[in-house]
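1. got a structure for you, letters missing:
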């Protein structure tokens, strides 16, 4: 168990270092941020050089990376050129909104997909199994941003049940959460159904039937509990996917979370904010995957040994 956790921790650290290197050097290929702060038509070359020096862009890329890593270790993510605030303060202002949206979307996906997958897997070729397969297929092929526009057109423009933008209303997160949940709903429904179908043919299920246990007891105590092992890792991954998918959804619904901030930073070539948000989201995803692996190892003895 300790060896497994240590290896996963080392892998997470190496992956995080790789993310830092890739993000740092990729954002510097997008253009000169100094030209956004000073108009080249009116600024002299000396003024442009002073601005690049103030931003630390006059140094070689390797030295810039060393300085950036040194600042990260002190908790300094830089100063946002778009929001005119320290990048970490901007992230913390949008983090609760994005976490709430991702949690709601994951809750909707689990509440719909898992019962459908369990019932469909225990009753193959029934009408509810057909519904589970349709939900699994449509959920994985339907783009969340396209569904968001359809939901706005139906429920916000025509029916006027929910707002189409902002977070001022009490029902503001209903449509964004529904649109963001579609991908996770499809994957969870298909995975749950496949896991239940596989478990139904195991020897211990036949033993339970031979002992005279009711179908409900078998489904609850044997099928569902063993199918949950396969869902743990996927649910953790889906939560990180929801964080990444919030870029489109928050932009469409004008929700001031981290996804909207990242879109604004990219549009304005705010390389400091792009770096900070990308690294923060990647770090969150790596930590979530590590926690999921630890939880999976704690539940399943086959992983521990």
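-> Ah, there it is. Remember, predicted model here, so these are calculated numbers, not experimental data. Numbers count the residues shown, from 1 in each chain.
2. am I right that residue 239 is in contact with residue 104?
-> No - using CB atoms under 8 Å, residue 239 is not in contact with residue 104, being 11.4 Å away. C-betas here are computed from N, CA, C, even on glycine.
3. between those two, who's got more neighbours?
-> residue 239 (21 against 18; other CB atoms under 10 Å).
4. that's a strand at that one, yeah?
-> No - the assignment for residue 239 (DSSP: H, G, I helix; E, B strand; the rest coil) gives helix, which keeps it out of a strand.
5. and it, what does it touch?
-> 102-103, 106, 288 (CB atoms under 8 Å, 6 or more residues apart in numbering).
6. filter these to the buried ones?
-> 102, 106, 288 (16 or more other CB atoms under 10 Å).
7. quick one: the last one and residue 235 touch, right?
-> No - here residue 288 lies out of contact with residue 235, judged by CB under 8 Å, at a distance of 9.9 Å.
8. under the pLDDT cut-off, which ranges of the stretch 1-150 of the chain? List them.
-> Where the stretch 1-150 of the chain drops to pLDDT under 70, the residues are 1-2, 4, 30-45, 47-48, 51-52, 54-57.
9. if we can go back for a sec, can I get the buried ones among the contacts of residue 239 in a markdown table with secondary structure?
-> Formatted as a markdown table, these follow (three-state DSSP):
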| residue | secondary structure |
| --- | --- |
| 102 | helix |
| 106 | helix |
| 288 | helix |
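10. which residue ranges of the stretch 101-250 of the chain form helices?
-> 127-141, 144-151, 174-199, 203-210, 215-218, 224-252 (DSSP state H, counting those that start in this stretch).
11. what about the longest one, average pLDDT?
-> When the per-residue pLDDT values of helix 224-252 are averaged, the result is 77.
12. next secondary structure after it?
-> Proceeding N to C from helix 224-252, the next assigned helix or strand is helix 258-267, under DSSP states H and E.
13. okay, the angle between that following helix and helix 224-252?
-> Interaxial angle, helix 258-267 versus helix 224-252 (axes from the mean of the first three to the mean of the last three CA atoms, to 10 degrees): 40 degrees.
14. what's helix 258-267 packed up against?
-> The contact analysis (3 or more CB pairs under 8 Å, 6 or more residues apart in numbering; DSSP states H and E) places helix 258-267 against helix 87-122, helix 224-252, helix 271-299.
15. mind putting those helices into JSON lines with distance to residue 205?
-> Below are these laid out as JSON lines (distance: least, CB to CB, whole Å):
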{"stretch": "helix 87-122", "distance to residue 205": "10"}
{"stretch": "helix 224-252", "distance to residue 205": "9"}
{"stretch": "helix 271-299", "distance to residue 205": "19"}
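16. which one of those helices lies closest to residue 153?
-> Proximity to residue 153 (CB to CB) singles out helix 224-252 among those, at 11.7 Å.
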